[in-house]
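Engineer: turn this into a model:
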Amino acid sequence: MNQTKTQQSVPVAASNRIVFLDWLRVIACLMVMIVHASECIYSNDYSFSFPTETDRWSTCLINGFVRPAVPLFLIASAYLLVPLRTDTQTFFKKRFLRVCIPFIVWLLLYAFLPALWGEFSFAEAKQNLAQVFINFIPRESHLWFIYMLLGIYLIMPVLSPWLERVSRKEEKWFLVIWLFTTLFWHAHERFGNIFGECWWNPYPVFYYVSGYVGYVVMAHYIRKYLDWSLRKTLYIAGPCFLIGYLFCIYSFYTRSFNVETVRELELSWQTTSIAPVIMSFSAFMLIKKINITHAGINKVIRNISDMSYGMYLMHMMMLPFIFKLCYSLFFPPVAILATALLTYLASFIITRIISCFKFGKYIVG
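Structural biologist: Model prediction:
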């Protein structure tokens, strides 16, 4: 199937906007907040504990279901951007204005703003400001995604010419090799260093075809070659998502009794591990089949989609406080979902207000 036919089959609005990508951003943004709400129950960044068995099962079932959250954002971005349709200078200029400036603003805000309500001292805020341009501080750990995304942007001009010339078979084999590397999270646990990896060489044989670059190639492959019917999508993507989900919750639940660190607990949940990769592919293919033509509904979805980057940047400023309130009032699974929904609504309202100002794009994108 050629690329023209595939692109014509994608639902678009009158402005040639790809409608399902708006739905994807809206869904993925909520997924991210559900992830962070559930982590408030058990995670202290490096250690974890479950107050009750209900808390354990709630986080296991709910958080496990939304593991595609971050990969969906990356796939959506790559789906639109690669191969590049502008020169490299124009591409970087647009990404800088859209992504980098708001990112820097929120790095600074997380570093000192919580000191105003006593979350940490002004002396600590000063230390945060000294650290913030080296790496994120714990208060803003969700911004790791932006660092990764910027790294992907840096190599997109290099990937684009290859993606324009590579055959379907060659691209498929790259994805097969990349999928093999998603098993390495568990291979490292069992074997330690593998395939030439050692303390003086952190770049073993499969290093350059691993990581988040695989999602970029996946997005291109989907756009160019995969135009499945709804029936085929349900038959393939549905079971694949379920298999990945069951593996995630089984691994998390059993590990919660046997390991001591969050890293070990969430090993199977890592976004470049096999189960979340399968879930992310499946979720994208399922969301791709959304074909709602109601103008009013799509307008609302588009408005939320346009605010999604700002919502992502700011939501951890308020989510922990909303969680404390909800957890004191509700049953754990209800508290998780209520926290995510209330944070989602508050983030949207604040982002929307900021976007109305002339300088708003430099704060919320």
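
Engineer: tell me the contacts of the nearest residue to residue 315 once chain neighbours are set aside?
Structural biologist: Spatial nearest neighbour of residue 315, excluding adjacent residues (C-beta to C-beta, 6 or more residues apart in numbering): residue 347 at 4.6 Å. C-beta coordinates here come from the backbone N, C-alpha and C atoms, glycine included. Applying C-beta atoms under 8 Å, 6 or more residues apart in numbering, we find residue 347 in contact with 33, 307, 310-311, 314-315, 318.

Engineer: state the distance from residue 347 to residue 53.
Structural biologist: As defined by C-beta to C-beta, to the nearest Å, residue 347 lies at a distance of 31 Å from residue 53.

Engineer: again with residue 335
Structural biologist: In terms of C-beta to C-beta, residue 335 sits 15 Å off from residue 53.

Engineer: more neighbours: which of those two?
Structural biologist: residue 335 (24 against 8; other C-beta atoms under 10 Å).

Engineer: isn't that one right next to residue 324, touching?
Structural biologist: No. Proximity of residue 335 to residue 324 does not meet the contact threshold set by C-beta atoms under 8 Å, at 9.6 Å.

Engineer: re the thing from before, helix, strand or coil for the residue nearest to residue 315?
Structural biologist: Here residue 347 is recorded as helix under DSSP: H, G, I helix; E, B strand; the rest coil.

Engineer: for it, report the pLDDT, please.
Structural biologist: What the model reports for residue 347 is a pLDDT of 97.

Engineer: repeat for residue 26
Structural biologist: So, for residue 26, pLDDT stands at 97.

Engineer: what is the neighbour count of it?
Structural biologist: 22.

Engineer: and residue 329, by the same measure?
Structural biologist: Quick note: residue 329 (other C-beta under 10 Å) scores 10 neighbours.

Engineer: quick one: the closest residue in space to it that isn't next to it in sequence from residue 44, how far?
Structural biologist: Counting by C-beta to C-beta, 6+ apart, residue 335 is the residue found nearest to residue 329 once chain neighbours are left out, at 7.3 Å. Separation of residue 335 from residue 44 (C-beta to C-beta): 18 Å.

Engineer: same question for residue 137.
Structural biologist: Taken as C-beta to C-beta, the span from residue 137 to residue 44 is 15 Å.

Engineer: okay, the two: which has more neighbours?
Structural biologist: residue 137 (19 against 11).

Engineer: the closest residue to that one other than its chain neighbours: what's it in contact with?
Structural biologist: For residue 137, ignoring the flanking residues on the chain, the nearest one in space by C-beta to C-beta, 6+ apart is residue 128 at 5.0 Å. By C-beta under 8 Å, 6+ apart, the contact set of residue 128 is 110-112, 120, 137, 139.

Engineer: residue 128 belongs to a helix?
Structural biologist: Yes. Per three-state DSSP, residue 128 lies within a helix segment.

Engineer: would you mind writing the CA trace of stretch 258-267 as PDB?
Structural biologist: The C-alpha trace of stretch 258-267 is given here as PDB (Å, rounded to 0.1, in the frame of the first residue of the first chain):
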ATOM      1  CA  ASN A 258      10.400  -9.700  46.500                       C
ATOM      2  CA  VAL A 259      12.300  -6.500  45.600                       C
ATOM      3  CA  GLU A 260      13.300  -3.400  47.500                       C
ATOM      4  CA  THR A 261      13.600  -0.500  45.000                       C
ATOM      5  CA  VAL A 262      11.200   1.200  42.700                       C
ATOM      6  CA  ARG A 263      13.600   0.400  39.800                       C
ATOM      7  CA  GLU A 264      13.300  -3.300  40.400                       C
ATOM      8  CA  LEU A 265       9.500  -3.100  41.100                       C
ATOM      9  CA  GLU A 266       8.800  -1.300  37.800                       C
ATOM     10  CA  LEU A 267      11.300  -3.200  35.600                       C
END
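
Engineer: what about residue 238, how many neighbours?
Structural biologist: Neighbour tally, residue 238, other C-beta under 10 Å: 13.

Engineer: so what secondary structure elements neighbour the helix or strand where it lies?
Structural biologist: In this assignment (DSSP states H and E), residue 238 forms part of helix 230-255. If contacts are counted by 3 or more C-beta pairs under 8 Å, 6 or more residues apart in numbering; DSSP states H and E, helix 230-255 sits against helix 53-65, helix 262-265, helix 274-287.

Engineer: pull the distance from it to the chain's centre.
Structural biologist: Centroid displacement of helix 230-255 relative to its chain, using C-alpha atoms, centre = their mean, to the nearest Å, is 18 Å.
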